[in-house]
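Participant: Predicted coordinates and the sequence they were generated for:
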Amino acid sequence: MKKDTKINWNLIIRWAGTLLSIGILIYLFRQIGAEETWAAVQKISGRRIAEVLVLVFVSRLATWGRWHTLLQVQALRVRWQDSLRLTFAGLFASNVLPTTIGGDVVRLAGAVRLGIDAALAAASLVADRLVGMTGMALALPFAIPALSSYLKAQASSGAAQTTGAAALFPAFFRKIQQAIKKVFSNFRFWLKHPLILAQALGFTFIHMLATFLIVQILVQGMGESISFTKTAGLWSLTYFISLIPVSINGLGLQELTITNLFSALGGLQPSTSISLAVILRVVWMIGSLPGAFFIGGILGGKRPSEAGGEKQNGNTQD
């Protein structure tokens, strides 16, 4: 009997995109030169590394605060310890594990085991992602001056790619416009709780501030400089490009985007940009490592508190 095998094209595209992005990144690394790149990394002082590590955990805790705030719209109050474990487990799945099991899947599984209604848990994760997108969308206009200058320079040099690039940007911004419309259509439930929504957006701003400062500290540590507004704009542009579902957890795609945007639009040396991209990937992984203590238990069917080694008191309310 003939079996009907369904090809998972989405998975194939993601793995192919990941391998292609990493391949291009390796090619750029070889073109720039390993010695030059390593020399840029060695300029970063221990003090700056310590500042970056502090800020990455500020960023991680801000993402936890955002989701925990959004969960407080139901009668059953989620303990901060449980949502914190779930957040770090999700971050570990997204940033450390080379798997298609995303962090949102891990958080959803854990939230349902806490007794949260599955539909509400899923909606809270969508709202969490959309609040983050809203914050980044507000920073996106800061990329326009650098983008405009780059396109003008390309046009004046008679680059053949200018027309193609210019044609792509309207399509990109249409995607952003559609995403913003989706934000408001999915916020109907939380719009009834504007204070909670405002608090969640506040946590997003803290996360964004920490991220932008991390980029600036690393760039300055490698002997170059970039303005805060340009950092905000280019990072928000990187964020939206990395959301394109053509790689596993943005692996390779994010690094490739950072390398090109921060050198072409940010004015950084290619060696600095590629070093920045690789260091940031390591930094996000370090900031996600606490999730290793919880993800195994959560995926194994335990409640978040049990996964963390605590005894359950019988309720999850504050």
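Facilitator: Perfect, thanks for sending it.
Participant: What lies in contact with the host helix or strand of V54?
Facilitator: Using DSSP states H and E, V54 sits within helix 46-70. The contact list for helix 46-70 (CB atoms under 8 Å, 6 or more residues apart in numbering) reads 78, 80, 83-84, 87-88, 91, 107, 124-125, 127-128, 131-132, 190, 196-197, 199-200, 203-204, 206-207, 210-211, 213-214, 217-218, 220-221, 283-284, 286-288. All C-beta spots, glycine's among them, are computed from the backbone N, C-alpha and C.
Participant: Please check those residues and keep the buried ones.
Facilitator: 78, 83-84, 87-88, 91, 107, 124-125, 127-128, 131-132, 190, 196-197, 199-200, 203-204, 206-207, 210-211, 213-214, 217-218, 221, 283-284, 286-288 (16 or more other CB atoms under 10 Å).
Participant: quick one: which of the residues you listed sit in strands?
Facilitator: Among these, DSSP state E puts none in strands.
Participant: out of the residues you listed, which are inside helices?
Facilitator: The helices, defined by DSSP state H, take in 83-84, 87-88, 91, 107, 124-125, 127-128, 131-132, 190, 196-197, 199-200, 203-204, 206-207, 210-211, 213-214, 217-218, 221, 283-284, 286-288 from the buried ones among the contacts of helix 46-70.
Participant: Show me the shaky parts of the stretch 201-318 of the chain.
Facilitator: The stretch 201-318 of the chain contains residues with pLDDT under 70 at 249, 296-318.
Participant: What of the stretch 1-150 of the chain?
Facilitator: Looking along the stretch 1-150 of the chain with the criterion set at pLDDT under 70, you get 1-6, 8-15, 17-18, 20-22, 25, 27-29, 31-34, 74-76, 97-101.
Participant: count of neighbours near A109?
Facilitator: Counted with other CB atoms under 10 Å, residues neighbouring A109 total 19.
Participant: D82 versus that one, what's the distance?
Facilitator: 13 Å (CB to CB, to the nearest Å).
Participant: Kindly report the same for Y239.
Facilitator: 28 Å.
Participant: who's more crowded, these two?
Facilitator: Between Y239 and D82, counted using other CB under 10 Å, D82 has the larger neighbour count: 24 against 21.
Participant: May I see the buried residues of whatever helix or strand L234 lives in?
Facilitator: Element membership of L234, judged by DSSP H and E, is helix 228-242. For helix 228-242, the neighbour count (16+ other CB under 10 Å) marks 230-242 as buried.
Participant: which other helices and strands contact the helix or strand just after it?
Facilitator: As assigned by DSSP H and E, the chain's next helix or strand after helix 228-242 is helix 253-264. On a contact count with 3 or more CB pairs under 8 Å, 6 or more residues apart in numbering; DSSP states H and E, helix 253-264 meets helix 9-32, helix 228-242, helix 270-288.
Participant: ok and helix 253-264 relative to helix 228-242, angle-wise?
Facilitator: If you take axes from the mean of the first three to the mean of the last three CA atoms, to 10 degrees, helix 253-264 sits at 140 degrees to helix 228-242.
Participant: Send me helix 253-264 as PDB with only the CA atoms.
Facilitator: Presented in PDB, the C-alpha positions along helix 253-264 are these (Å, rounded to 0.1, in the frame of the first residue of the first chain):
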ATOM      1  CA  LEU A 253      20.200  35.400   9.200                       C
ATOM      2  CA  GLN A 254      20.500  37.700  12.200                       C
ATOM      3  CA  GLU A 255      24.300  37.600  12.100                       C
ATOM      4  CA  LEU A 256      24.300  38.200   8.300                       C
ATOM      5  CA  THR A 257      21.900  41.100   8.700                       C
ATOM      6  CA  ILE A 258      23.900  42.800  11.500                       C
ATOM      7  CA  THR A 259      27.100  42.400   9.600                       C
ATOM      8  CA  ASN A 260      25.700  44.100   6.500                       C
ATOM      9  CA  LEU A 261      23.500  46.700   8.000                       C
ATOM     10  CA  PHE A 262      26.000  48.000  10.600                       C
ATOM     11  CA  SER A 263      28.700  48.200   8.000                       C
ATOM     12  CA  ALA A 264      26.700  49.600   5.000                       C
END
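Participant: Give me the angle between it and helix 270-288.
Facilitator: Going by the same axes, to 10 degrees, helix 253-264 makes 140 degrees with helix 270-288.
Participant: Need the CA coordinates for stretch 279-297. CSV is fine.
Facilitator: Provided in CSV are the C-alpha atoms of stretch 279-297 (Å, rounded to 0.1, in the frame of the first residue of the first chain):
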residue,chain,number,x,y,z
ILE,A,279,29.5,38.4,20.1
LEU,A,280,25.8,39.2,20.3
ARG,A,281,24.8,35.6,19.5
VAL,A,282,27.1,34.4,22.3
VAL,A,283,25.7,37.1,24.7
TRP,A,284,22.1,36.1,24.0
MET,A,285,23.1,32.4,24.7
ILE,A,286,24.7,33.3,28.0
GLY,A,287,21.6,35.3,29.0
SER,A,288,19.5,32.3,28.3
LEU,A,289,21.5,29.6,30.1
PRO,A,290,19.4,29.7,33.3
GLY,A,291,16.6,28.1,31.3
ALA,A,292,18.7,24.9,31.0
PHE,A,293,17.6,24.1,34.6
PHE,A,294,13.9,24.1,33.7
ILE,A,295,13.4,23.2,30.1
GLY,A,296,13.9,19.4,30.5
GLY,A,297,11.3,19.1,33.2
